[in-house]
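**Q** sequence plus the predicted model coming up.
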Amino acid sequence: MNESKTVEFKREFSESIKKSIVAFANSDGGTIYIGIDDDGTVIGLNRPDEVSLQVTNAVRDAIRPDVTLFVECSIKGMDGKQVVVITVECGTARPYYMTQKGLRPEGVYVRQGSSSVPATETAILNMIKETSGDCYESARSLNQQLTFEKTEEIFDKMGVALGKGQKVTLGFIDSNDTYTNLGLLFSDQCVHTIKLAFFEGVEKAVFKERREFSGSILSQIEAVIHYIERYNRTRAEFEGFYRIDQKDYPEEAVREALFNAVVHRDYSFSGSTLISMFDDRIEFVTIGGLVRGVSLDDIEIGVSMPRNQKLAHVFYRLKLIEAYGTGVLKMINAYNKFLEQPLLETASNSFKVTLPNINYHKERARDTMLQVRDVSTSYTAAPLQLTDRELEILGRLERQTSIIRKDVEAITGLSQDASVVLLRNMVKKGLLVKVGSGKSVQYKLPR
């Protein structure tokens, strides 16, 4: 006999035998002979029973997940001497790894020729995908040295237990007693982050402040909400005798946009969830487009197919979300009484929610009215009475230099003829000026 990809010789029991067992279980299986020299000479063992016990203990205590079902240890006579024969089958819960080293290259071994060598990170990820499927949250975490201090603290505040049994039920720990990627997300060692940038003005040009939030996904959410609250100013308006306080962004809309970004993102990508704050809006950009089979129209009417069902279930257990599919509707409903509405956009690998700053757009609309009043010869002496549709069109012209009839149809929902009448009346009032003619006609603010 010679050593090969499926055969290995050992003179005596040593720690390297555990590496060989892991490598065989992660590859095509194989046999280890203890009591045979590297050149194939049978040396034998004086106490084969003790060696057999050492092997059994090592398999049980030093290798994870449990590989005992795929390892058989026996004593065999060869050339009149006794050797221990370890037969290892290819395991079904790959990758197997050394408990002390963890689920990383220095703890995961595979067979390469007649040697047991550390697996590459790519090979480890491929084995995880083969055994766990494409479901990211159910796959085993590469990091098995996880702690849950912040998550346990938040669970405790919410009156929800988080012991070993609950971690198994929720999916933090799988049937092989190993941490899953869902567990990684809630651990203090979570590798996914949320990046938040505050820009000056309405363009991505000058940074006011940049932050990156790490740790447990729950602690990230908590920190982001507190951060946004610092900049979510409250402004006062008076309607007759009464004072009305209005925040820049409805708090419920901010929460739902943030939860949507966290729960529905594709964590198989390593990039961060991005939040960008401007004077006039907040943008939440989530990695991963819509789940296959769901359209943007479906999302807007409340259809929901969570990409991360177990993650969504944990949020539901904590009462952070009420039910699947209600988040976007709640976000839109929070803007019901305002002209500006949330904007949902999707691409092949991303999803963006834009929340408009209510107070910013109100102030800009007032500025526009004052500007129009100043340049209008017909209405300088009397206050302007603007309809909601006129305000909508003027508000749109704060973000673009001109509009056409089709823009008005999209903004107001009016028919072609009604849109023409509306534009004609706004020109007569001095609210707009008409530029060009025929198909190239445009409407602009008077200057």
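**A** Arrived safely. What you see is a predicted model; the values in this text were computed from it and never measured.
**Q** so how far is stretch 139-150 off the chain centroid?
**A** Distance, stretch centre to chain centre, for stretch 139-150: 16 Å (C-alpha atoms, centre = their mean, to the nearest Å).
**Q** and that stretch, what's buried?
**A** Using 16 or more other C-beta atoms under 10 Å as the test for burial, stretch 139-150 gives 139, 140, 141, 142, 143, 144, 146, 148, 150. The way it works is simple: take the backbone N, C-alpha and C, and place the C-beta from them, glycine included.
**Q** next: stretch 105-123.
**A** For stretch 105-123, burial by neighbour count (16+ other C-beta under 10 Å) applies to 105, 107, 108, 109, 110, 111, 116, 118, 119, 123.
**Q** can I get those in TSV including distance to residue 265 and secondary structure?
**A** TSV is the format used below for the buried residues of stretch 105-123 (distance: C-beta to C-beta, whole Å; DSSP: H, G, I helix; E, B strand; the rest coil):
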residue	distance to residue 265	secondary structure
105	27	coil
107	29	coil
108	27	coil
109	33	strand
110	32	strand
111	37	strand
116	38	strand
118	31	strand
119	28	coil
123	26	helix
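**Q** how about those in TSV, adding distance to residue 61 and pLDDT?
**A** Formatted as TSV, those follow (distance: C-beta to C-beta, whole Å; pLDDT from 0 to 100):
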residue	distance to residue 61	pLDDT
105	22	89
107	14	91
108	17	94
109	17	96
110	22	96
111	23	95
116	19	93
118	21	94
119	21	93
123	25	89
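**Q** out of the residues you listed, who's nearest residue 9?
**A** residue 116 (12.7 Å; C-beta to C-beta).
**Q** please name the bridge partners of the closest one.
**A** Assessed by DSSP bridges, residue 116 has beta-bridge partners residue 111.
**Q** list the buried residues for stretch 200-218?
**A** Buried residues in stretch 200-218, counted by 16+ other C-beta under 10 Å: 213, 214, 215, 216, 217, 218.
**Q** from those residues, which land in helices?
**A** In helices, defined here by DSSP state H, the members of the buried residues of stretch 200-218 are 217, 218.
**Q** out of the buried residues of stretch 200-218, flag the one nearest to residue 243.
**A** Using C-beta to C-beta, residue 213 is the member of the buried residues of stretch 200-218 that sits closest to residue 243, with 35.1 Å.
**Q** residue 274 versus the closest one, what's the distance?
**A** Separation of residue 213 from residue 274 (C-beta to C-beta, to the nearest Å) stands at 12 Å.
**Q** which residues are common contacts for the two?
**A** Residues touching both residue 213 and residue 274 (C-beta atoms under 8 Å, 6 or more residues apart in numbering) are 194, 195, 196.
**Q** what's the closest non-adjacent residue to residue 354?
**A** Spatial nearest neighbour of residue 354, chain neighbours left out: residue 343 (4.2 Å); criterion: C-beta to C-beta, 6 or more residues apart in numbering.
**Q** please pick out the residue of this protein most distant from its centre.
**A** Here the chain reaches farthest from its C-alpha mean at residue 80, the gap being 62.1 Å by C-alpha atoms, centre = their mean.
**Q** ok, now how distant is it from residue 9?
**A** Between residue 80 and residue 9 the computed distance is 18 Å (C-beta to C-beta).
**Q** what residue is smack in the middle of this protein?
**A** residue 265 (3.4 Å).
**Q** that one contacts residue 285, correct?
**A** No. Judged on C-beta atoms under 8 Å, residue 265 makes no contact with residue 285 at a distance of 9.5 Å.
**Q** what touches both of the two?
**A** Both residue 265 and residue 285 are contacted by residue 273, under the criterion C-beta under 8 Å, 6+ apart.
**Q** where does the protein dip in pLDDT?
**A** Within the chain, the segments meeting pLDDT under 70 span 133-134, 237-242, 293, 302-304, 323-325, 364-385, 447.
**Q** list the contacts of the host helix or strand of residue 329.
**A** Assigning secondary structure by DSSP states H and E places residue 329 in helix 327-333. Contacts of helix 327-333 with the rest of the structure, by C-beta under 8 Å, 6+ apart, involve 252-253, 256-257, 259-260, 299-302, 304, 321, 341-342, 344, 353, 355.
**Q** ok, the shared contacts of residue 213 and residue 274 vs residue 52, which is closest?
**A** Nearest to residue 52 among these, counting by C-beta to C-beta, is residue 194 at 52.5 Å.
**Q** distance check, that closest one against residue 218.
**A** Remark: distance between residue 194 and residue 218 (C-beta to C-beta) = 12 Å.
**Q** same check on residue 100?
**A** Separation of residue 100 from residue 218 (C-beta to C-beta) stands at 29 Å.
**Q** okay, domains of this structure per the record?
**A** 7-132, 194-356, 376-444 (automatic domain parsing).
**Q** let's have the ones you listed in CSV, adding distance to residue 155.
**A** Shown next, in CSV, are these (distance: least, C-beta to C-beta, whole Å):
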stretch, distance to residue 155
domain 7-132, 25
domain 194-356, 7
domain 376-444, 43
